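J.: The sequence isn't on hand, but the structure is:
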């Protein structure tokens, strides 16, 4: 058996050059952009579908007038200090549905720093946008800020689902700060901020998660709710743990918030709400 010689050790100039690169320069910056418009026949088109770095975008086959896009993770991200951003705009009268191929996993990086994952959605008059990604998982040692900002025209419609899983199986959670801001016709419809993990007081207390490790929410905005708001309801699966509540929002909108031991239980609770949309 012949053994290959070991690779040469880095020279002093190479080590010095590596050390001279600031940590920020070694962290990932990526922005993906999606724009939907309608053609003269009422079919939604995608003139802009621009993935970047780990945010690969795939056009899905559609059997109706809607345009469907899947976000595919092309590499591990976000890692400590990374900056990821998705921008999506549904133009007037368009119908845009966005999903993801798999969960997003926040990981600790080789270099210290808080990662960011920002989503900016804009929905014009008469348009509909579905933002339905898979869960975000915060691995032990990770540190992430997640923001979702939505701007809606007066007659825009929105279906938005967010789910977070705090830690992988058998491990502690990383730190997560999440904010969701929704504006309709320039006025704030919903603005909420949550934080979990190391250094956050009371996040695992009975007043917040009570030992659960998965949280989720489903927001539906529909002008029809101005005349017919949904009633308040509590939800609990007969054959599983966790609980949820459905509440109407002034605006008009309906919000389901759920907590459960795992992502599957949270998804079941959100789907139990069966919010009427009339679409």
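T.: Thanks, I have the structure now. Treat the numbers as computed from the prediction; the structure is a model and nothing was measured.
J.: mean confidence score for stretch 88-103?
T.: The pLDDT scores in stretch 88-103 average 97.
J.: how long is that stretch end to end?
T.: 19 Å (Cα to Cα, to the nearest Å).
J.: Buried residues in it, which are they?
T.: 88-91, 93-100 (16 or more other Cβ atoms under 10 Å). Any C-beta I mention is one placed from the backbone N, CA and C, and that applies to glycine too.
J.: what's the distance between it and the middle of its chain?
T.: The chain centroid and the centroid of stretch 88-103 are separated by 13 Å, computed with Cα atoms, centre = their mean, to the nearest Å.
J.: does residue 86 really touch residue 32, like I thought?
T.: Yes - counting by Cβ atoms under 8 Å, residue 86 does reach residue 32; the two are 4.9 Å apart.
J.: Mutual contacts of the two, please.
T.: 55, 71 (Cβ atoms under 8 Å, 6 or more residues apart in numbering).
J.: I'd guessed residue 229 sits against residue 255; true?
T.: No - counting by Cβ under 8 Å, residue 229 stays clear of residue 255, with 11.6 Å between them.
J.: Which one's more surrounded, these two?
T.: Taking neighbours as other Cβ atoms under 10 Å, residue 229 and residue 255 compare with residue 255 leading, 24 against 16.
J.: Helix, strand, or coil at the more buried one?
T.: strand (DSSP: H, G, I helix; E, B strand; the rest coil).
J.: who are the neighbours in contact with it?
T.: 190, 217-220, 246-249.
J.: for the residues you listed, which one is nearest residue 144?
T.: residue 217 (17.3 Å; Cβ to Cβ).
J.: and that closest one, bridged to which residues?
T.: residue 162, residue 257 (DSSP bridges).
J.: burial of it, as a residue count?
T.: So residue 217, with other Cβ under 10 Å, has 21 neighbours.
J.: From residue 267, how far out is it?
T.: Here residue 217 is placed at a distance of 12 Å from residue 267 (Cβ to Cβ, to the nearest Å).
J.: Can you pull the residues that touch both of these two?
T.: What both residue 217 and residue 267 touch, as defined by Cβ under 8 Å, 6+ apart, is the set residue 163.
J.: Could I get the full set of strands for the stretch 51-200 of the chain?
T.: For the stretch 51-200 of the chain, strands defined by DSSP state E, counting those that start in this stretch occupy the ranges 55-60, 67-73, 83-90, 95-100, 104-106, 115-123, 128-132, 136-138, 143-152, 157-166, 175-184, 187-196.
J.: Throw these into CSV and include distance to residue 235, thanks.
T.: Shown next, in CSV, are these (distance: least, Cβ to Cβ, whole Å):
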stretch, distance to residue 235
strand 55-60, 30
strand 67-73, 28
strand 83-90, 29
strand 95-100, 23
strand 104-106, 25
strand 115-123, 26
strand 128-132, 19
strand 136-138, 22
strand 143-152, 23
strand 157-166, 15
strand 175-184, 20
strand 187-196, 19
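J.: Need the residues touching each of residue 229 and residue 255.
T.: In contact with both residue 229 and residue 255: residue 248, using Cβ under 8 Å, 6+ apart.
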